[in-house]
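>>> attaching a predicted model along with its sequence, questions to come.
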Amino acid sequence: MATMVTRLRGESQARWQAALQRAFAVGLEVYRLADTRELVVSSATQFDLLHRTDGERCTCEAARHGDPVCSHRAVARFVRGLLDPEPEPAAPAIAAMVPCRDCGGDGYQRIITGGRLADWWAAPCHACQSTGAVPGAEAPALAA
């Protein structure tokens, strides 16, 4: 006996952004009906079809099959000012600084001359540019 599996898709900011980019790419057009102020959005696949949407509900196939995100709703949210075309970038990860292994953290390399430990001179460390520290493992991104 065959079992039918329905995959429920979730809603996320990334999916809304992808849907909006698809709407822009295919050139979906948005119209507001004069009498009801409802938004209708052109279909990407059927040129003589408009989908009624308020940004939450839509008459398209994806919405009828339970997908909470579609290009029609995304562009309607954009027109209403509820969705930015480019979200705020995440805070960059800050690299943790660790002591330089080449100079031991003091910024200078000891150059031994004459084969004796007593005969040495200090040269600026090229690995850390004489700072004594180098980037280590990346720290977790800061919460915005």
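Cool, the structure landed.
>>> please count neighbours and contacts with C-alpha atoms only from this point.
OK.
>>> give me the domain ranges for the chain.
With domains defined by automatic domain parsing, the chain comprises 13-79, 95-138.
>>> same question for stretch 22-32: list its buried residues.
22-23, 28-30 (16 or more other CA atoms under 10 Å).
>>> just the C-alphas of the longest helix seen in the chain, formatted as PDB.
For the chain, the longest helix by residue count, based on DSSP state H, is helix 13-26. Extracted in PDB, the C-alpha atoms of helix 13-26 (Å, rounded to 0.1, in the frame of the first residue of the first chain):
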ATOM      1  CA  GLN A  13      13.200  35.600   6.100                       C
ATOM      2  CA  ALA A  14      15.400  33.800   3.600                       C
ATOM      3  CA  ARG A  15      12.500  32.300   1.800                       C
ATOM      4  CA  TRP A  16      10.700  35.700   1.600                       C
ATOM      5  CA  GLN A  17      13.800  37.300   0.200                       C
ATOM      6  CA  ALA A  18      14.200  34.500  -2.400                       C
ATOM      7  CA  ALA A  19      10.500  34.900  -3.400                       C
ATOM      8  CA  LEU A  20      10.800  38.600  -3.800                       C
ATOM      9  CA  GLN A  21      13.900  38.200  -6.000                       C
ATOM     10  CA  ARG A  22      12.000  35.700  -8.100                       C
ATOM     11  CA  ALA A  23       9.100  38.200  -8.400                       C
ATOM     12  CA  PHE A  24      11.500  40.900  -9.600                       C
ATOM     13  CA  ALA A  25      13.300  38.500 -12.000                       C
ATOM     14  CA  VAL A  26      10.100  37.400 -13.800                       C
END
